[in-house]
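[1] Here is a sequence together with a model predicted from it:
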Amino acid sequence: MMDFAEISNIIEQRREELKSSKTLVEVIDYGAGSPNANRSKEQMQQGVISQLPLASLASIGVKKEKAQQIFEIFKTLKPKRILELGTCCGFSSAYMGFFAPNAKIYTIEGSPNIAKVAKDSHRVFGLDNIKVLVGRFDEVLPKLLKEIDLIDFAFVDGHHDKFATLAYFQEILPFMARGGVMLFDDIAWSAGMKEAWREVLAHNKHKRFQDFGWMGALWL
């Protein structure tokens, strides 16, 4: 396997290429929007449609600092089955695809046009161990969990809403392999996400945990 610096250079070069794009992408956002958006459950279920520059989409998502933490987890975990909620432009799943080339990665993205960007990036990287599924998490996830084997690593990085995050935690937990890891991104993104992380810990389903400040990991 390539070392972290090589992998990071490949992925971040692709990010910089997309950041120079002038393309506008029609996005369906089923998430919480911004920390201060206060979207209702009905708004999130219906989805908010907007036109966003591809350059701005490429600017978000997992970058080198967060990817380094995932890399360190994978060195000992060596996951074979990986689940991700929130594909975006495909950078986080690409990092994981390089880190665990023998793993099968299932990643869910709500917006079809963003999912296409991710698939294009995966093709550019030559990664064939990633499957991108399109749709709302609450619609795609139940069926997916029944189809795949026990999950070694779950990365919850989308729909940054307290109650949604807690629901995904409880839904995914029974399908986690013994010794698996659940990683939650943006646990300090809003007051609601801070509360969600505290409540996840209060369930006491983990053997140990680590709070990275921006991400939180549970070892099960």
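    That came in fine, so what should we check first?
[2] What about residue 209, how many residues nearby?
    Residues contacting residue 209 under the criterion other Cβ atoms under 10 Å number 16. (Glycine included, C-beta is placed from N, CA and C.)
[3] need the helices for this protein, in chain order.
    4-19, 41-46, 54-58, 64-77, 91-99, 112-125, 137-147, 162-172, 191-202 (DSSP state H).
[4] Could I get these in CSV, plus columns for distance to residue 154 and mean neighbour count?
    Formatted as CSV, the helices of the chain follow (distance: least, Cβ to Cβ, whole Å; neighbours: other Cβ atoms under 10 Å):
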stretch, distance to residue 154, mean neighbour count
helix 4-19, 21, 15
helix 41-46, 21, 13
helix 54-58, 23, 18
helix 64-77, 11, 16
helix 91-99, 11, 26
helix 112-125, 18, 18
helix 137-147, 10, 14
helix 162-172, 5, 18
helix 191-202, 12, 16
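[5] Out of those, which gets nearest to residue 183?
    Between residue 183 and the helices of the chain, the tightest spacing by Cβ to Cβ is seen for helix 64-77, at 7.1 Å.
[6] Give me the average confidence score over the closest one.
    Taken as a whole, helix 64-77 carries a mean pLDDT of 96.
[7] Can we start the residue count at 55 from this point?
    Yes, from this point I'll number from 55; that puts the last item at helix 118-131.
[8] Send me that helix as CSV with only the CA atoms.
    Taking C-alpha atoms only, helix 118-131 is exported to CSV below (Å, rounded to 0.1, in the frame of the first residue of the first chain):
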residue,chain,number,x,y,z
LYS,A,118,-5.6,15.6,5.2
GLU,A,119,-5.9,16.2,8.9
LYS,A,120,-9.1,14.1,9.4
ALA,A,121,-7.8,11.6,6.8
GLN,A,122,-4.7,11.1,8.9
GLN,A,123,-6.8,10.1,11.9
ILE,A,124,-8.7,7.6,9.8
PHE,A,125,-5.4,6.2,8.5
GLU,A,126,-4.2,5.7,12.1
ILE,A,127,-7.4,3.8,13.0
PHE,A,128,-7.2,1.6,9.9
LYS,A,129,-3.5,0.6,10.6
THR,A,130,-4.7,-1.5,13.5
LEU,A,131,-8.4,-2.1,12.6
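[9] so that helix versus helix 145-153, what angle?
    40 degrees (axes from the mean of the first three to the mean of the last three Cα atoms, to 10 degrees).
[10] mind listing what the closest residue to residue 116 other than its chain neighbours touches?
    Nearest residue to residue 116, sequence neighbours excluded (Cβ to Cβ, 6 or more residues apart in numbering): residue 146, at 3.8 Å. By Cβ atoms under 8 Å, 6 or more residues apart in numbering, residue 146 lies in contact with 115-116, 120-121, 124, 138, 140, 161, 209, 211.
[11] Could you tell me which of the residues you listed belong to strands?
    138, 161, 209 (DSSP state E).
[12] Residue 167: which of those is nearest?
    After measuring the ones in strands among the contacts of residue 146 against residue 167 - Cβ to Cβ - the closest member comes out as residue 161, at 15.5 Å.
[13] returning to what we had before: least confident of the helices of the chain, on average?
    helix 95-100 (a mean of 59).
[14] which strand is the longest one in this structure?
    Taking DSSP E as the criterion, the chain has its longest strand at strand 230-239.
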